[in-house]
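> take a look and give me a structure for this.
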Amino acid sequence: MAIFVLVHGGGHGGWCYQKLARLLRAAGHEVHTPTLTGLGDRRHLLAPGIDLDSHIDDVVSLLFHEDLRDVYIAGHSYGGMVITGVADRALDRVKHLIFLDAAHPRDGEALSTIAAAQMGMASTFLTEVNGVECYHLPEDRAAHAYGVSDPEVVAWMKPRLAPHPWACMTQPLRLDHEDQVMALPRTSINCTPTLAVRPKEYLHRTFEADHLFEIDTGHDLMISEPEKVAEMLLSIV
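Down below sits the predicted model:
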């Protein structure tokens, strides 16, 4: 049995892994799908001061309180920033890093730096919620941005997508044990449409993995192709 911790991306919540989590559990594995503070079922906790460190602390705390070890930790999109920070702060608990069409940061980098074009677009949708500067895609743009086309799925997603604190995107990641983090086994599952728009100077990072997959689907691969993603994850354990 493997232990999976699935960390969502910007604007999402643990809810986005419902189908994928069911498939992994049905295969006999333990699965945790935490929601980061201020998002999803924790959106009522949105408050000033939430940043990338806050979200890293969310997951580190989960690993400690559930006493999880030898964890396969996956991050989607912005979640790549989070899981890299988690590995740095909980090296003794993380076994394998999985990047689901995700950011691949290094020490001192912010998502607004390594995904400048996408974050530049996101910055045009900034709004203030509970005194917090957030970005929140309009409903008519969200489905397209996340690559989901099924009308029923889109209708399910829309009310669950939440404003995301902008500080999470601009705060640089701090890694105190970067060499050890980079030495951890890793898997990258890249979406074909995303590869076409990734910054060329960072594109090579998406291919630096012990297990490498590509799937021709939209950015929210865990929603649009949960069966294929589950098959890939099961193959590495």
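
> where do the helices sit along the protein?
In the chain, the segments counted as helices under DSSP state H are 18-26, 52-65, 79-89, 111-114, 116-122, 139-146, 151-157, 167-170, 178-183, 192-195, 200-203, 221-224, 226-236.

> how about JSON lines for those helices, with mean pLDDT and distance to residue 104 added?
(Each C-beta comes from the backbone N, C-alpha and C, glycine too.) Formatted as JSON lines, those follow (pLDDT from 0 to 100; distance: least, C-beta to C-beta, whole Å):
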{"stretch": "helix 18-26", "mean pLDDT": "98", "distance to residue 104": "21"}
{"stretch": "helix 52-65", "mean pLDDT": "98", "distance to residue 104": "15"}
{"stretch": "helix 79-89", "mean pLDDT": "98", "distance to residue 104": "6"}
{"stretch": "helix 111-114", "mean pLDDT": "94", "distance to residue 104": "8"}
{"stretch": "helix 116-122", "mean pLDDT": "82", "distance to residue 104": "14"}
{"stretch": "helix 139-146", "mean pLDDT": "82", "distance to residue 104": "19"}
{"stretch": "helix 151-157", "mean pLDDT": "94", "distance to residue 104": "25"}
{"stretch": "helix 167-170", "mean pLDDT": "97", "distance to residue 104": "15"}
{"stretch": "helix 178-183", "mean pLDDT": "98", "distance to residue 104": "10"}
{"stretch": "helix 192-195", "mean pLDDT": "96", "distance to residue 104": "12"}
{"stretch": "helix 200-203", "mean pLDDT": "95", "distance to residue 104": "7"}
{"stretch": "helix 221-224", "mean pLDDT": "98", "distance to residue 104": "16"}
{"stretch": "helix 226-236", "mean pLDDT": "98", "distance to residue 104": "17"}
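
> wait, which of the ones you listed is closest to residue 131?
Residue 131 lies closest to helix 167-170 among these, at 12.2 Å (C-beta to C-beta).

> just grab the bridge partners of the nearest residue to residue 21 once chain neighbours are set aside for me.
Using C-beta to C-beta, 6 or more residues apart in numbering and skipping the chain neighbours, the partner closest in space to residue 21 is residue 31 (4.5 Å). The partner list for residue 31 in beta bridges (DSSP bridges) reads residue 4.
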